[in-house]
Every structure is written in C-alpha cells, then in structure tokens.
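> Have a look at this prediction, sequence included:
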Amino acid sequence: MFLPFRRNRKFRVISISLTNRKNNESRRSIEMTKTQVGFIGLGIMGRGMALNLLKAGFPLTIYARNPQKVQDIVAAGALLVNSSREVAEKSEITITIVPDSPEVLEVILGQNGALEGAQPGSIIIDMSTINPATSRNVAEHCNAKGVHFMDAPVSGGSIGAQTGTLAIMAGGDASVFQRALPIFQAMGRAEAIYHVGVVGSGEVVKIVNNVMGAIITAACGEALAMGVKAGVEVEKIAEIVTNSSGSNWQLANAFPRNVFSGAFKPGFFTELMYKDVGLALQLAEQVGTPATMAQLARGMFESAIAAGYGRDDYTSVVRPVEAAAGVELRAKS
C-alpha cells in the first residue's frame, strides 16, 4: 500500500528538482542576455543612475578620473576600466553624463574617447544637459562610424537619480529609443520616459524645463521675501499659495526641502542652473525668441555664485534676495 505512494513522492521531488534547475538555468540565460552597458560621468547624478543599472541586473563597465571615488560602485558589481574608449569597447550601450558641451566632446570624440572604442551598431547616449547643436555634431561623427547616438537629458536631481525616478527626454531614432528603453526604465519612472523626436530635441525640452524652473525659483524667492518683510510667516504664505493659483512645483517641493529648512543641500548645483539658463539664452538667440525673464534670472543666479553659493543647491538663488531684504525664509517649526 505504501510503496507506490513512496515512489510517487520520490518522483514528485525529482520533478520539482528538475523544474528548479530549469528555472535557475532560465534565469542565468536571461542574465547572460542583458545588454552590456557602459557609464562615463559618475558625479552627483551619474552615481545613483549607475547603481540603479546594477540593481536592475545590467552588466556595467565604468570609467572615472578618480577611481577612489567610485569604489562603492565597483563593490556593487561594476567593472572599472582606464578610459572612455575601454568603456565603449566593452559595451553595447554607452552612457555619458557630464557637466557641459566641452566635456561631452572630450569623453566621446576626444583622444581615447568613447567613439574610438564603439563598435558599429552600438549606441552612445548622452544624458548631459548641453547645447542641442553639440548633440547634433556628436551624432554626425557617430553616424559616420555606424554608431547610433541619442541625447537623453534627465530631470529630477540627485534624489531622482538615487531613487530611479528621473524624467528622461530622448532625441534620436525611434528604433534606437526602443533598444534603449529597458536602460531608461532602470533609471527613470515609466510614465516620464519620453521619445521627443530627432537628435537634439531632448535637449531642447530639457532647456525649456530648466529655464522655467530657474525663473520660477527666483520669482518665488523675491515674492516670499516681500511677504515675510511685510509681516507674514513664510510657512503660512507657502501653505496658502500652494493651494491657490500661484502654486508651483518649486514652492511645493524644493523650497520646503532646502529654503525653509536652511539646508541648501545640493540636488542640483547653482552653477549648473546658471549654465543651463545660459543655454536657454543661446537657444533663444538662435531661434529668434525673446528671453527677458531668462536674462533677469541668470543675473540672479550669477549673484548667488558671486556670494559663494555656486556649489550649493540652486535654490540658493534666494540667499542674496534674503540678504538684500534683511529677512530669512526659514520655517519656525
């Protein structure tokens, strides 16, 4: 009576074991087919983005001028190499995110740059915020070698980079965007990953976004300083305005985190916002549109840099305003 039951039990155990083995082999196969990714630019934004790629299971090759600063990324599983060229040699998709156009040209087109190592059919994605003309220039060089190029700047600051919730706006061929989409999904939130259009169009949208943010931040600082100087507590003003027609993302998010707390911990440097407003002024001149508010905002960010706040959060644009008004926009609780 019991022997058939025992044989069945053994059979079932063996079947489960074989099933588990097949599942493990399937998982290993999936891991082996993950796209080989390279990453160049491991600063305040790139560090979090690279770590999220590793968390998503992508094999990652990195390059850093100061290897000691990226040991945590190496410990998380990244392969550290000696040049941008080596990164691209080992990668199907190479990502760059550096401060400005000269650095993009250096790490992609320069000596030992990524393009020297990139294979035909591979993809280079620049996620920096730069002049769209630079993106188009880089794309031309890449295309001449049979390498695909996309511009894909991001929004969300260091917090978005760390949490994998960035907004990503990509310019380039639609088929290349689809190939890169799983990479983008590891770094950004699904509802905020956009294919904008041709190369350079991602940069256009990012510049529009940042100049809006800069103008609004500067305007909020001035208006709040006026209200506080007139005798109303800053928390009360912010609460009411946030529930009124003057509500905006900066007032609801950036100001409580940095201005009202007095922290000014950099999620995005003042000097980088100043640079991005400059990009907006260049773009406005190129296309022939007015930029009156951008000019004023850039002057205010320039004052903040002159006061020593260039490496603090961009919300530090309010600090010269505070000094001139003789008030501080700090919450009491």
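Ah, there it is.
> Spatially central residue in this structure, please.
Centroid check for the chain by C-alpha atoms, centre = their mean gives residue 154 as the closest residue, at 3.9 Å.
> Surely it is in contact with residue 161?
Yes - using C-beta atoms under 8 Å as the test, residue 154 is close enough to residue 161 to be in contact (7.5 Å). Where C-beta positions appear, they are placed from N, C-alpha and C, glycine not excepted.
> any residues in contact with both of the two?
Applying C-beta atoms under 8 Å, 6 or more residues apart in numbering, one finds that residue 154 and residue 161 are jointly contacted by 45, 49, 187.
> From residue 203, how far off is the residue lying closest to residue 211 once chain neighbours are set aside?
Counting by C-beta to C-beta, 6 or more residues apart in numbering, residue 211 lies nearest to residue 280, which is 3.7 Å off, once chain neighbours are set aside. Distance of residue 280 to residue 203, given as C-beta to C-beta, to the nearest Å: 11 Å.
> can you check residue 140 too?
For residue 140, the distance to residue 203 - C-beta to C-beta - is 15 Å.
> the more surrounded of the two?
In terms of neighbours (other C-beta atoms under 10 Å), residue 203 is the more surrounded of residue 140 and residue 203; the figures are 27 against 11.
> helix/strand/coil for that one?
For residue 203, the assignment made with DSSP: H, G, I helix; E, B strand; the rest coil gives helix.
> Could you measure from it over to residue 283?
Residue 203 sits 9 Å away from residue 283, taking C-beta to C-beta as the criterion.
> Now do the shared contacts for the two.
Among the neighbours of residue 203, those also in contact with residue 283 (C-beta under 8 Å, 6+ apart) are 131-132.
> can you list the weak-confidence ranges in the stretch 201-333 of the chain?
Within the stretch 201-333 of the chain, not a single segment meets pLDDT under 70.
> which stretches of the stretch 201-333 of the chain form helices?
201-229, 234-242, 249, 270-287, 292-304, 318-325 (DSSP state H, counting those that start in this stretch).
> Save these as CSV, and put in distance to residue 79 too.
Supplementary listing: the helices of the stretch 201-333 of the chain in CSV, determined by distance: least, C-beta to C-beta, whole Å:
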stretch, distance to residue 79
helix 201-229, 28
helix 234-242, 46
helix 249, 38
helix 270-287, 29
helix 292-304, 38
helix 318-325, 42
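> quick one: which helix or strand includes residue 139?
Element membership for residue 139, per DSSP states H and E: helix 132-144.
> swap in residue 86?
Secondary structure here is read from DSSP H and E; on that basis residue 86 sits in helix 84-89.
> what's that helix in contact with?
Contact with helix 84-89 is made by 38-40, 61-63, 81, 94, 96, 107-108, 110, 112-119, 122, 124, as judged by C-beta under 8 Å, 6+ apart.
> redo that, cut-off 6 Å
With contact meaning C-beta atoms under 6 Å, 6 or more residues apart in numbering, helix 84-89 is reached by 38, 40, 61, 63, 81, 94, 107, 112-114, 116-118.
> filter these to the buried ones?
The neighbour-count test (16 or more other C-beta atoms under 10 Å) applied to the contacts of helix 84-89 identifies 38, 40, 61, 63, 81, 94, 107, 113-114, 116-118 as buried.
> now, which of those residues sits nearest residue 267?
Taking C-beta to C-beta as the measure, residue 40 is the one of these closest to residue 267, at 21.5 Å.
> Show the contacting residues for the spatially closest residue to the closest one that is not a sequence neighbour.
Across the structure, with C-beta to C-beta, 6+ apart as the measure, the residue nearest residue 40 apart from its sequence neighbours is residue 96 (4.7 Å). Each residue near residue 96 by C-beta under 6 Å, 6+ apart is listed here: 40-41, 107, 126.
> got it, and residue 107?
Applying C-beta under 6 Å, 6+ apart, we find residue 107 in contact with 40, 84, 96, 113.
> now swap in residue 73 and tell me
If you count contacts by C-beta under 6 Å, 6+ apart, residue 73 has them with residue 50.
> Now it: which helix or strand?
Assigned by DSSP H and E, residue 73 belongs to helix 71-75.
> For that helix, give the mean pLDDT please.
Per-residue confidence for helix 71-75 averages out to 97 on the pLDDT scale.
> Give me the buried positions along that helix.
residue 73.
> cool, and stretch 161-170?
Along stretch 161-170, the positions that meet the burial threshold by neighbour count (16+ other C-beta under 10 Å) are 161-162, 164, 166-170.
> Quick check: the farthest pair among those residues?
Pairwise distances across the buried residues of stretch 161-170 peak at 20.9 Å for 162 and 170 (criterion: C-beta to C-beta).
> Show the model's pLDDT score for residue 16.
In the prediction, the pLDDT value recorded for residue 16 is 37.
> Ok, residue 34 next?
The predicted local distance difference test score for residue 34 is 89.
> what's the spacing between it and residue 95?
As for residue 34, its distance to residue 95 is 15 Å (criterion: C-beta to C-beta).
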